[in-house]
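Enquirer: Sequence below, structure please.
(one chain, ligands or ions: 1)
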Amino acid sequence: MKLTRGGFLKSMAGLTFAGLPWPTTGLLLSAQPVAGQPSRSIQIQDVEIYPYNVSMIEPFRVALSTITSAENVLVRLRTREGVVGWGEASPYSPVTGETQAVDLAVGKDLANFVRGRDPFTLSAIVSDMDGFTPSNTSIKAALEMAVWDICGKLAGQPVYKLLGAYRDSFETDITIGMGTPEEMAKKATKYVQDGFKTLKVKLGDGPEPDTQRMKAIREAIGYSIKVRTDANQGWTAAETVRALRMMEKYQMQICEQPVPYWDVEGLKFSRDNSPTPIMADESVHSPHDALAIVRENAVDCINIKLMKSGGLLRGVQIATVAASAGVTCMVGCMEETRLALTAGAHLVCSQKNIVYADLDGFLELSVDPVIGGMQMRDGIVTLPNTPGLGVDIDPAFLGKLHHI
Ligand SMILES: [Mg+2]
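Expert: Numbering: from 1, shown residues only. Here you go, the predicted model:
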């Protein structure tokens, strides 16, 4: 039987809408944005924001700065019914322009867009926070991941399943900060002995000294271990090409953000003329940045960080833009405890084209305040199968903090 277009639509209408309480005329789906008012009496009632500092086990040097402590912000949300959501901001001013003090001040304002809202209107909450401030992404990420935590707990599912689970475990690299070639080779040897199969090496001093670093590392660990590198904007485009050609024999998997964040043309020049694939980090904060960069065919991969994107929703959107252009992604981190890192791990598990992970930040911190959350063994990360993010904060740690 030949089905005409009209007949097809009629039959679909009969199949889809028969017996449903929707009007047969007018809009079937509301074009109005969700107002964010609580439905089914679910409502976020309390927003608590706590500053806290955790010292690094040793100073961590990258081309942008040397970091000695994580000065972070903890967020605890609670619904009227008592469901708790946790979030963490790890501001890093050279990248997002935020400090702990900034996040505390802006967090107080942003709390007004979270308090009183239905957590399942998360997209409207994120949109309202973006409308209040287009920047301040780390504190927005903290609030947003806490909302996801509540959504997962209410739905009885881990967050990565709400996002559309693709995998439930993955490999992370471990990062070697900048030092002398000997120091970095020693670290590389230790991390390989610890079971890691992929190392991320911080470079960015210049082609010659950086080549000496790579040489020392390869001589120490051989070639069975994958090595990726991150120059943190330390090279010009011309230096990138020279450096990566000099280092080609050291078989680097990918080179992250070799040129300044604003130099998309430089990223493209590097990609077109280097033997090593190129990844953007500081050049991409938002889905808009991702679109601009893939339009220029400037990179092979994008490093998504929740602290840059403003949370999981925007992170998924960046991954989607990238996937549409055949570009892969990594999820990276700032100086995060296992709280924000666990949220990052949920993102990794949710998207097929997130093929790399750099979620090692907690290993550099002197305190781990998280109970539950992501687990790591021999560089393999797994998530708990508990609803929400699957994290809790150690009551002894929380007891010493004061919220604003
Ligand atoms: Mg980076």
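Enquirer: which residue ranges form the strands in the stretch 251-400 of the chain?
Expert: 252-256, 278-280, 301-304, 328-331, 354-357, 370-372, 375-377, 380-382, 391-393 (DSSP state E, counting those that start in this stretch).
Enquirer: Strand partners (parallel or antiparallel) of the longest one?
Expert: Next to strand 252-256 in the sheet, as set by DSSP bridges, lie strand 226-230 (parallel), strand 278-280 (parallel).
Enquirer: quick one: average pLDDT of the first one?
Expert: In other words, strand 226-230. Averaging pLDDT along strand 226-230 yields 98.
Enquirer: what does that strand rub up against?
Expert: For strand 226-230, the surrounding residues in contact (Cβ atoms under 8 Å, 6 or more residues apart in numbering) are 62, 173, 175, 197-204, 214, 217-218, 247, 250-257, 281, 356. Heads up, the C-betas are built off the backbone N, CA and C, glycines and all.
Enquirer: wait, what's in contact with the residue of the stretch 1-150 of the chain found nearest the ion?
Expert: For the stretch 1-150 of the chain, the residue closest to the ion is residue 62, as judged by Cβ to the ion, at 7.8 Å. Residues in contact with residue 62 (Cβ under 8 Å, 6+ apart) are 177, 178, 202, 204, 230, 232.
Enquirer: before we move on, what about residue 195?
Expert: 377, 378, 379.
Enquirer: What pLDDT is listed against the first one?
Expert: What the model reports as pLDDT for residue 377 is 95.
Enquirer: can you list the residues of the stretch 201-350 of the chain near the ion?
Expert: Selection of the stretch 201-350 of the chain residues close to the ion by Cβ under 5 Å from the ion yields 230, 256, 281.
Enquirer: Surely the last one touches residue 303?
Expert: Yes: when contacts are counted by Cβ atoms under 8 Å, residue 281 is listed as touching residue 303 (4.0 Å).
Enquirer: joint contacts of those two?
Expert: With Cβ under 8 Å, 6+ apart as the test, residue 281 and residue 303 both reach 256, 257, 332.
Enquirer: per-residue confidence at the first one?
Expert: At residue 256 the predicted local confidence, pLDDT, stands at 98.
Enquirer: Nearest residue to it in space, ignoring adjacent ones along the chain?
Expert: residue 230 (3.9 Å; Cβ to Cβ, 6 or more residues apart in numbering).
Enquirer: how many other residues sit next to that neighbour?
Expert: Neighbour count for residue 230, taken as other Cβ atoms under 10 Å: 26.
Enquirer: in the sheet, who's paired with it?
Expert: Counting by DSSP bridges, residue 230 is bridged to residue 202, residue 256.
Enquirer: Run through the residues that contact the closest residue to the ion within the stretch 201-350 of the chain.
Expert: Using Cβ to the ion, residue 281 is the residue of the stretch 201-350 of the chain that sits closest to the ion, at 3.6 Å. When the contact criterion is Cβ under 8 Å, 6+ apart, the partners of residue 281 are 230, 232, 256, 257, 302, 303, 305, 332.
Enquirer: roughly how far apart are it and residue 232?
Expert: 8 Å (Cβ to Cβ, to the nearest Å).
Enquirer: Common neighbours of these two, please.
Expert: 256, 257.
Enquirer: and the nearest residue to residue 370 once chain neighbours are set aside, what pLDDT?
Expert: The shortest distance from residue 370 to any non-neighbouring residue, by Cβ to Cβ, 6+ apart, is to residue 338 (4.0 Å). On the pLDDT scale, residue 338 is placed at 98.
Enquirer: again with the one 10 residues further on
Expert: Reading off the confidence values, residue 348 has pLDDT 98.
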